[in-house]
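Asker: here's a sequence, model it:
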Amino acid sequence: MILDVKTVKKLKNTAWRKDNPIKIAEYREKDKWTLKKRCARRNITEDEFLNRLEEQKHCCKICEIKISINDSAIDHNHETGDFRGILCKTCNRALGLFKDSPKVLEGYYGES
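Answerer: Here you go, the predicted model:
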């Protein structure tokens with residue numbers, strides 16, 4: 001199987017992140033702008049992020065476990081870019097695996 005350059009780079013980055021959790025944590029701890037960068041990437045302000053986190057009582061919007069700022073993911077609609085809420089990283093990954101499609105989930109649950 002031949003992989004394209006983008007896929008190879010992604011695999012290398014994923015492996016590096018897996019092998020270097022301490023370096024990542026140290027970077028996030030010292031980089032005051034990490035939240036600012038994350039918010040800017042999703043076109044929301046830090047205040048919008050923090051207000052939503054408060055509204056959600058510092059819990060994931062889906063599974064409701066407690067989350068910190070560093071352990072959160074900014075959920076957004078991939079078609080419109082609209083900010084939907086704050087998730088734990090596990091739920092955010094799960095949505096990605098389901099291609100952000102309610103139809104996929106409804107189809108599964110509708111068959112039980």
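
Asker: which positions within the lengthiest helix in the chain qualify as buried?
Answerer: Taking DSSP state H as the criterion, the chain has its longest helix at helix 5-19. Judged by neighbour count (16 or more other C-beta atoms under 10 Å), helix 5-19 contains no buried residues. (C-beta placed from N, C-alpha, C; glycine too.)

Asker: beta-bridge partners for Ile74, please?
Answerer: For Ile74, the beta-bridge partners are Ile86 (DSSP bridges).

Asker: might one say that it is in contact with Ile86?
Answerer: Yes: taking contacts as C-beta atoms under 8 Å, Ile74 lies within contact range of Ile86: 6.4 Å.

Asker: export the helix or strand containing Ile24 to CSV, keeping only CA atoms.
Answerer: In this structure, Ile24 is located in helix 21-30 according to DSSP states H and E. C-alpha atoms of helix 21-30 as CSV (Å, rounded to 0.1, in the frame of the first residue of the first chain):
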residue,chain,number,x,y,z
PRO,A,21,3.1,13.2,26.3
ILE,A,22,5.3,15.0,28.9
LYS,A,23,6.8,17.4,26.3
ILE,A,24,3.3,18.2,25.1
ALA,A,25,2.0,18.8,28.6
GLU,A,26,5.0,21.0,29.4
TYR,A,27,4.5,23.0,26.2
ARG,A,28,0.8,23.5,26.9
GLU,A,29,1.6,24.5,30.5
LYS,A,30,4.1,27.2,29.5
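
Asker: need the contact partners of the following helix or strand past it.
Answerer: Sequence-wise, the next helix or strand downstream of helix 21-30 (DSSP H and E) is helix 34-41. Residues outside helix 34-41 that contact it (C-beta atoms under 8 Å, 6 or more residues apart in numbering): 27-28, 45-46, 48-49, 69-70, 74.

Asker: what does stretch 84-96 give?
Answerer: So stretch 84-96 is contacted by 49, 52-53, 56, 60-63, 65, 67, 71-77 (C-beta under 8 Å, 6+ apart).

Asker: if you set the cut-off to 10 Å instead, what comes out?
Answerer: Residues outside stretch 84-96 that contact it (C-beta atoms under 10 Å, 6 or more residues apart in numbering): 49-50, 52-53, 55-56, 58-78, 100-102, 104-105.

Asker: thank you, goodbye.
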